[in-house]
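Visitor: Here is the input, now give the coordinates:
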Amino acid sequence: MRTMRRDERGATLILAMAFMIVLGAIGTTMMSSLASALHSRKSLGDARAREYAADSAIQDAITKVRQLSAPGPALTGCVPGTSYKYTAADGNEIRVNCYNRPQVTRSGFQQRNVIFNACKWGGADCTDSSSIIRAQVNFQSGTGGAITRTWVQSWSVNA
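Guide: Numbers count the residues shown, from 1 in each chain. Have a look, this model is predicted:
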C-alpha cells in the first residue's frame, strides 16, 4: 500500500492572501465610514452656522426696529417692504424681512406685532417655507410712540 505524501507548500501563501483580503475589506469599510462621517459633520456644521447667523440677523433686525425714531403709523413696527442684510463673521449672508401683524387682544388692547423671517440672502423675500428662523415679536410703546419693551412671542427654527 502506498501512502500519499501531503505537500503543504503554498498553504502559507493562500493564508497570507486571505488575511490581506480580510484586512483590506475591513480597512475599506472603515475608510468609507470615516468619509461619510466627515461629510455629515461638515453638513451639520454648515447648517448650524446658518442657524446661528439667522439668529443673530433677527436679533439685529429687532434692535433696528426698536431704534426707529418713528416706527410707523398706528400699530406698525417696521416699514412695509423693509429687509435687512446681515453678514455673519463666517461669511453667511442672511436676509431678514419684517411684516407688521397688529392684533387686538380679547380685552381690546392693541398690540404692535412684527413677524421676522430670516433666510439665505438672495433675490427673493423670505417666505415661511424658505425661512431658517421665524420670530414674532411684540413691541410695546410708551408715551410719544417710543418703544419701551420688546416681547418675543414665538421663535421657530426650520431645519
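Visitor: Quick check, pLDDT for the spatially most central residue of the chain.
Guide: When Cα atoms, centre = their mean is applied to the chain, the residue found nearest the centroid is Glu51 (2.9 Å). Reading off the confidence values, Glu51 has pLDDT 91.
Visitor: Ok, Ala159 next?
Guide: Predicted confidence (pLDDT) for Ala159: 64.
Visitor: about what we covered before: need the three-state assignment for the residue nearest to the centre of the chain.
Guide: helix (DSSP: H, G, I helix; E, B strand; the rest coil).
Visitor: Isn't it up against Ile133?
Guide: Yes - with contact defined as Cβ atoms under 8 Å, Glu51 reaches Ile133; the gap is 7.0 Å. All C-beta spots, glycine's among them, are computed from the backbone N, C-alpha and C.
Visitor: what sits in contact with each of those two?
Guide: Taking Cβ atoms under 8 Å, 6 or more residues apart in numbering as the criterion, Glu51 and Ile133 both touch Val157.
Visitor: for the protein, which spans come out with low pLDDT?
Guide: Along the chain, the parts satisfying pLDDT under 70 run over 1-5, 69-77, 80, 142-146, 159.
Visitor: repeat that with 90
Guide: Scanning the chain for pLDDT under 90 picks out the ranges 1-14, 33-50, 61-85, 87-92, 98-115, 121-130, 138-151, 153, 158-159.
Visitor: Please enumerate the helices of it.
Guide: For the chain, helices defined by DSSP state H occupy the ranges 11-66.
Visitor: ok, the residue nearest to the centre of the chain to Val114 distance?
Guide: For Glu51, the distance to Val114 (Cβ to Cβ, to the nearest Å) stands at 21 Å.
Visitor: ok, now Asp7?
Guide: Taking Cβ to Cβ, one finds Asp7 at 89 Å from Val114.
Visitor: More neighbours: which of these two?
Guide: Neighbour count, other Cβ atoms under 10 Å: between Asp7 and Val114, Val114 has more, with 26 against 7.
Visitor: list the contacts for the more buried one?
Guide: Taking Cβ under 8 Å, 6+ apart as the contact definition, Val114 lies against 65, 77-78, 98-101, 136-139.
Visitor: Tell me how many other residues surround Val65.
Guide: If you count neighbours by other Cβ under 10 Å, Val65 ends up with 24.
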